[in-house]
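**Q** Got a predicted structure here, sequence first:
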Amino acid sequence: MKIKKAVIPAAGLGTRVLPASKSMPKEMLPIVDKPAIQYIVEEAVASGISDILIITSRGKTTVEDHFDRSPELEKRLLDSGKTDIYKQMLAISEMANIHFLRQQEAGGLGHAVLCAKSFVGGEAFAVLYGDDVIIGDNPVCKQLCDVYDEFGKGVVGMKEVSWEQIKKYSSLKTAPVREGGNVYSVTDMVEKPPTREKAFSRFSILGRCVLPASVFPVLETIPKGVGGELQLTDAMAVLSRSEGMYGVDFIGRRYDMGSKLGILQACVELGLAHEEIGEDFRKYLQGIASSL
Ligand code: UTP
């Protein structure tokens, strides 16, 4: 069955990018002229998703406003003949059926996903982490949905990262499904392994997964994990050991909008690729690069 629903958890506190995220959700930080979360919603829509639930929290109403109509602004744009930008504004609110739910306390990514239980019902669904912008010619969420279609099991987006990063992310036990391919079976995983010995590999989950509804009873029963938070990885570890999961070493460029360096990388690279200002920005960078 095709994946039609997606959950975007965007309720975290964003402590790594304070003070920028004190009153502005990190998911709303702009990359050139669009907030991060718009890139993520566009990826979901381009992957065939029709219903999106964004998990927000106190102080994040700007996320809802962004995907809402803005009649006054629309009228002003129309009246002044700015039809291109008017159409863009309208398109934002018409991209998909976008729903919102507030996570009442930041109980962790697993808790945020658990909040989506009644929205999801009994179907498999995609999860796109609200602070991970991933740009690819073939949308990364679609790359995962295709593997779900093939095997009918949960799928994680993964990449090889350094041992330093493995301690901050997760580590996967994998075996390639096809020689030379980018799809792997995943039979175990661990969140934030404190030492190299506790890690399975340098493959880590990054930003995207497709989960069966069977993840919910697991999330309801497992104890809190690292940092006293309900960890999505802990629930996926149970699934990978019991029913099995798959991993896709996805093709795409990921920007971690929850980190200072990630924000700058996103702005520079997507700035260079931007239709309107890309060329001028390239000249500007070339100009300052010589003095670095
Ligand atoms: P992160 O762990 O990167 O978010 O979660 P964080 O807790 O905001 O990060 P710190 O404070 O800088 O360490 C990945 C995604 O999951 C969401 C976040 O908003 C982010 O988009 N999230 C995290 C929730 O929705 N709820 C939570 O309780 C935790």
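**A** Yes, it's here.

**Q** Show me what from the stretch 51-200 of the chain comes close to the ligand.
**A** Contact residues, the stretch 51-200 of the chain versus the ligand (CB under 6 Å from any ligand atom): Ile55, Gln103, Ala106, Gly107, Gly108, Leu109, His111, Ala112, Tyr129, Gly130, Asp131. The C-beta positions use only the backbone N, C-alpha and C, and glycine is treated the same way.

**Q** With respect to Ala91, which of these is nearest?
**A** The closest of these to Ala91 turns out to be Gly130 (CB to CB; 20.2 Å).

**Q** is it true that the closest one touches Gly14?
**A** No. The criterion here is CB atoms under 8 Å, and Gly130 misses it with Gly14 at 9.8 Å.

**Q** can you give me the helices in the stretch 101-250 of the chain?
**A** 109-114, 117-120, 140-151, 163-166, 215-221, 232-242 (DSSP state H, counting those that start in this stretch).

**Q** What are the neighbouring residues in contact with Ala36?
**A** By CB atoms under 8 Å, 6 or more residues apart in numbering, Ala36 lies in contact with Lys26, Glu27, Met28, Leu29, Pro30, Gly130, Asp131, Val133, Met257, Ala266.

**Q** Give the phi and psi angles for the closest residue to it other than its chain neighbours, as a check.
**A** Closest residue in space to Ala36, ignoring its immediate chain neighbours: Met257 at 4.5 Å, by CB to CB, 6 or more residues apart in numbering. The phi and psi values for Met257, taken as degrees, to the nearest 10, are phi -80, psi 0.

**Q** quick one: pLDDT of Met257?
**A** pLDDT, Met257: 96.

**Q** isn't it right up against Lys26?
**A** Yes. Using CB under 8 Å, Met257 is in contact with Lys26, at 5.7 Å.

**Q** Mutual contacts of the two, please.
**A** Val17, Ala36, Asp131.

**Q** Could you report the separation of Pro176 from Ser201?
**A** 12 Å (CB to CB, to the nearest Å).

**Q** let me redo that: Pro212
**A** In terms of CB to CB, Pro212 sits 23 Å off from Ser201.

**Q** Compare those two (neighbour count), which wins?
**A** Pro212 (19 against 14; other CB atoms under 10 Å).

**Q** Pull the contacting residues for that one.
**A** Per CB under 8 Å, 6+ apart, neighbours of Pro212: Ala124, Lys153, Gly154, Leu239, Glu243.

**Q** out of those, which is most surrounded?
**A** Most surrounded of the contacts of Pro212: other CB under 10 Å gives Gly154, at 25 neighbours.

**Q** those strands in the stretch 151-292 of the chain, which residues are they?
**A** Secondary structure of the stretch 151-292 of the chain, counting by DSSP state E, counting those that start in this stretch: strands at 154-160, 170-176, 183-191, 203-211, 245-249, 253-256.

**Q** circling back: of the helices of the stretch 101-250 of the chain, which stretch is the most buried?
**A** helix 109-114 (a mean of 23; mean count of other CB atoms under 10 Å).

**Q** before we move on, back to that, and Gly130 and Gly14? which has more neighbours close in?
**A** Each of Gly130 and Gly14 has its neighbours counted (other CB under 10 Å); Gly130 has more, 31 against 22.

**Q** okay, the closest residue in space to the more buried one that isn't next to it in sequence: pLDDT?
**A** Using CB to CB, 6+ apart and skipping residues adjacent in sequence, the residue nearest Gly130 is Ala10, 3.2 Å away. For Ala10, the model assigns a pLDDT of 96.

**Q** gap between stretch 212-224 and the chain center?
**A** Its chain's C-alpha centre and that of stretch 212-224 lie 20 Å apart, by CA atoms, centre = their mean, to the nearest Å.

**Q** same thing with stretch 77-95?
**A** 26 Å.

**Q** Make residue 1 into 701 and carry on from there
**A** Fine by me, first position is 701 from now on; the one you just mentioned is stretch 777-795.

**Q** which outside residues touch it?
**A** Gln738, Val741, Glu742, Val745, His766, Phe767, Asp768, Arg769, Ser770, Leu773, Glu774.

**Q** switch to 6 Å and redo it
**A** Val741, Val745, Phe767, Arg769, Glu774 (CB atoms under 6 Å, 6 or more residues apart in numbering).

**Q** which parts of that stretch are buried?
**A** Neighbour-count burial for stretch 777-795 flags Leu777, Tyr786, Met789, Ile792, Met795 (criterion: 16 or more other CB atoms under 10 Å).

**Q** Please apply the same query to stretch 702-711.
**A** Neighbour-count burial for stretch 702-711 [16+ other CB under 10 Å]: Ile703, Lys704, Lys705, Ala706, Val707, Ile708, Pro709, Ala710, Ala711.
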